[in-house]
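[1] I'll drop the sequence and a predicted model, then ask my questions.
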Number of protein chains: 2
Amino acid sequence: MTGTTLDDYTDRYARRVRGMTVSEIRALFAVASRPEVVSLAGGAPYIAALPLDAVGEMLGRLGSEHGTTTLQYGIGQGTLELRERICEVMALSGIDAACGASPEDVVVTVGGQQALDLVARLFLDPGDVVLAEGPTYVGALGVFQAAQAQVVHVPMDEDGLIPEALEVAIADQARTGRRVKFLYTIPTFQNPTGVTMTEERRQRVLDICERAGLLVVEDDPYGQLSFESEAPAPLRARRRDGVFYLSTFSKTFAPGLRVGWILAPHAVRDKLVIASEAQILCPSAYAQAAVTTYLRTMPWREQLKVYREVYRERRDAMLTALEDLMPTGTSWTTPGGGLFVWATLPDGLDAKAMMPRAIAARVAYVPGTGFYADGTGNGHMRLNFSFPPPERIREGVRRLASVMEQDIAMRRVFGAVGGPGSRRSGAGSDAPGPDLA
Amino acid sequence: MTGTTLDDYTDRYARRVRGMTVSEIRALFAVASRPEVVSLAGGAPYIAALPLDAVGEMLGRLGSEHGTTTLQYGIGQGTLELRERICEVMALSGIDAACGASPEDVVVTVGGQQALDLVARLFLDPGDVVLAEGPTYVGALGVFQAAQAQVVHVPMDEDGLIPEALEVAIADQARTGRRVKFLYTIPTFQNPTGVTMTEERRQRVLDICERAGLLVVEDDPYGQLSFESEAPAPLRARRRDGVFYLSTFSKTFAPGLRVGWILAPHAVRDKLVIASEAQILCPSAYAQAAVTTYLRTMPWREQLKVYREVYRERRDAMLTALEDLMPTGTSWTTPGGGLFVWATLPDGLDAKAMMPRAIAARVAYVPGTGFYADGTGNGHMRLNFSFPPPERIREGVRRLASVMEQDIAMRRVFGAVGGPGSRRSGAGSDAPGPDLA
């Protein structure tokens, strides 16, 4: 699985790491995909926590007993039965019939990624502006870039997106006369930071968007993976108009089936279905039946608890290791759920430039530059704790800390380049290792 | 299954049937999805011809024994093992290593539809022109429309696309100064006509496109479903440069898994992978493992023969029924493989206007208008023979013939509206039934 996770990293993130070509990164990670490397780079759930015997038995019956339906074409929107089950799942987060959630307005997608792409396809024209947290999900940047839209990042802090900064961004765009189409936000256990927007800010962000006439695209793959108290209710649970709610079974069940969904405003539901049909004709009938049967016959709420416990233990292992081992001047977020910690390096270190040395030291991560549309972020890294077991997490952090200590020592000997903040400009970074020309 | 097939029809084709709203068509087909209706409307394979017990057992093991891989994320291009198996499948059609086919240049997609959409996304800008057979696959029209491209139909006859007409179309477009990006063609057992382009025309079409600097997008979902002699080799087997080859396991194995592929020119392979990642992140690891294991462990060549035999018998049933029962003046194609017959109605009949009466008579088909970008084609209908058993096919044709006879009689009593050819203008058709306002 380490191999897959790193391949995954290579193919998906590499193109966003400025200054290296895809083939350079591929060469680098060909070395790194060996099992002795601890990968903190992926975003993969810990599938071994599923009851695989029971899941396999269920999957087999879907073929042998229901094959004439499950192996056949389906309809573009997805089956009604799955859409009803999806409404049960959303109700657990507070998005229920009382706030207008209905199977009628659910569109089943090929994972959360297609959900995002469909919304982009429907709304974005070349040159449009999308507001998004800075940093944000790398796959969203890929979608917006493919749509030739421009991403304007809105700063966030430990309480999530900063409402005042959102107002400033909206006003700035209004002055330039560019069309802002929507705010893209991951309010809960955000990727890559693990940060959660507070209750109070959720209301303010919704109010600001409503006043500005901005749609909100709420991406919520992690909301049900809370470690302590339940997460604040999604934005969609607070407002039905103008909010697209996107989620997926990739983190709460299994990403290999590629089943996600959009809860859309009723008026655009048909348009989304048409756009999806043009892309993929229909989502997999088999994968839909698998998720439906899983939700109908297996203890999915209990499985959520299992995932939460596994990930909480691993998050704790990571936070403890960071506390014990990281050099002075390093800081990090304390996620209340989800899969990721976001670390900020001591001043002068460059996460992108450090990558080849980290991989030589048998540890991998994603440099912060992957999560910004403008190539900034090289003073940060995203660390995944969902996939590696606790002792591997600690070992990975130990290796990472060692590489960082070496970098710091080298800078002491050879002198620092640039002052505070210069690392974020993308210039003045440590020279990359010889592997990267 | 009849229900699914008709739902399928409703959602996917209805929007292309001019002059009715989606909700009107939905209402109409809500009546038609009852099991007593014979549907000749779908394009579904006969999944019951698969060894479902063995397939189910295989699917189960993929979950229980290999779940940590198959239920996990995969990589954007698709697994190397599946891409190698795909090359074996293509070799059966003559696309082999000697003509440059390599797993390196295969991109696994969510069915043939995503393959088509990716090519469109890569090449089409708003206002571009795509040349395509007239009639052509309804899903391709949806893709090109979503890309805001304009489809210019090139006429075909019983030997496929007419090379002289292709030359005229290219010259016409050159005069208007519009950019023609590619020729989209289904050369073998075409959807909707069932017609196959002859050997000689294949060479000429390739030569014409090469001279004009036109890419060729070859869609080949049906090529391995030949009933008598093997089909002529695909265009891609004859020329490696400038040909995108698209296919799918939807007709040769099962559409419910949504696994298709593109064999792309090497230079654009990476661009296709990036575009696919932006759309869906990665194809389903589980579905890929299912197809890989099917191809590795089960007798897939024998299964192809089973499908061919089932469909040949059904094609024969349809041709015999048409011969025995259709009113004078009706003509139809004689497909050598695939799933469809294309029927041309006696002069003055309108397949679109006749639909409500046909459904009242408990038979469904797709009016020809669905397969033309310009709304013509109402003198034709597409008839599917892969899904209904032979006796149902005959019964369906009997019901259809009876509706047509009634239409002809009504026209005799009330007088024909318009002269020959007027039915193709979309005007002067019989009045729709009361259901359709």
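    Sure, I can see it.

[2] residues in the stretch 251-400 of chain A within reach of chain B, list them.
    A:254-258, A:270, A:273-275, A:277-287 (Cβ under 8 Å from any Cβ of the partner chain). Any C-beta I mention is one placed from the backbone N, CA and C, and that applies to glycine too.

[3] and those, which of them are in helices?
    Of those, the ones assigned to helices by DSSP state H are A:270, A:273-275, A:277-280, A:285-287.

[4] List only buried entries from those residues.
    A:270, A:273-275, A:277-280, A:285-287 (16 or more other Cβ atoms under 10 Å in any protein chain shown).

[5] Tell me the one of the ones in helices among the residues of the stretch 251-400 of chain A next to chain B nearest B:L52?
    Nearest to B:L52 among these, counting by Cβ to Cβ, is A:Y286 at 12.2 Å.

[6] about what we covered before: of the ones in helices among the residues of the stretch 251-400 of chain A next to chain B, closest to A:V37?
    A:A287 (31.0 Å).

[7] tell me the pLDDT at the nearest residue to the closest one once chain neighbours are set aside?
    Distances taken as Cβ to Cβ, 6 or more residues apart in numbering or on different chains put A:L257 closest to A:A287, at 4.2 Å, once the chain neighbours are dropped. At A:L257, the model reports a pLDDT of 98.

[8] show me the contacts for A:L257.
    Contact analysis of A:L257 by Cβ atoms under 8 Å, 6 or more residues apart in numbering or on different chains lists A:249, A:284, A:287, A:290-291, B:71, B:284, B:286.

[9] Closest one of those to A:V310?
    B:L71 (15.4 Å).

[10] Quick check: the closest one touching B:S284?
    No: here B:L71 does not reach B:S284: they are 9.5 Å apart, not a contact under Cβ atoms under 8 Å.

[11] tally of neighbours for the closest residue to chain B within the stretch 301-437 of chain A?
    Residue of the stretch 301-437 of chain A nearest chain B, by Cβ to the nearest Cβ: A:F387 (9.3 Å). Number of residues near A:F387 (other Cβ atoms under 10 Å in any protein chain shown) recorded here: 25.

[12] Leaving out sequence neighbours, find the closest residue to it.
    A:A44 (4.7 Å).

[13] my guess is A:L263 meets A:Y245, correct?
    Yes: using Cβ under 8 Å, A:L263 is in contact with A:Y245, at 4.1 Å.

[14] Just to check, A:L281 is in contact with A:V110?
    No: applying Cβ under 8 Å as the test, A:L281 and A:V110 come out as separate, 10.9 Å apart.

[15] Now do the contacts for the residue nearest the centre of chain A.
    Centroid check for chain A by Cα atoms, centre = their mean gives A:N191 as the closest residue, at 3.9 Å. The contact partners of A:N191, by Cβ under 8 Å, 6+ apart, come to A:43, A:136-137, A:221-222, A:338-340, A:382.

[16] tell me which element A:A174 is part of?
    When elements are assigned from DSSP states H and E, A:A174 belongs to helix A:163-176.

[17] what's the answer for A:E81, then?
    Per DSSP H and E: helix A:80-92 holds A:E81.

[18] who does that helix touch, helix- and strand-wise?
    Packing partners of helix A:80-92 (3 or more Cβ pairs under 8 Å, 6 or more residues apart in numbering or on different chains; DSSP states H and E): strand A:106-109, strand A:243-248, strand A:260-263, helix A:285-297.
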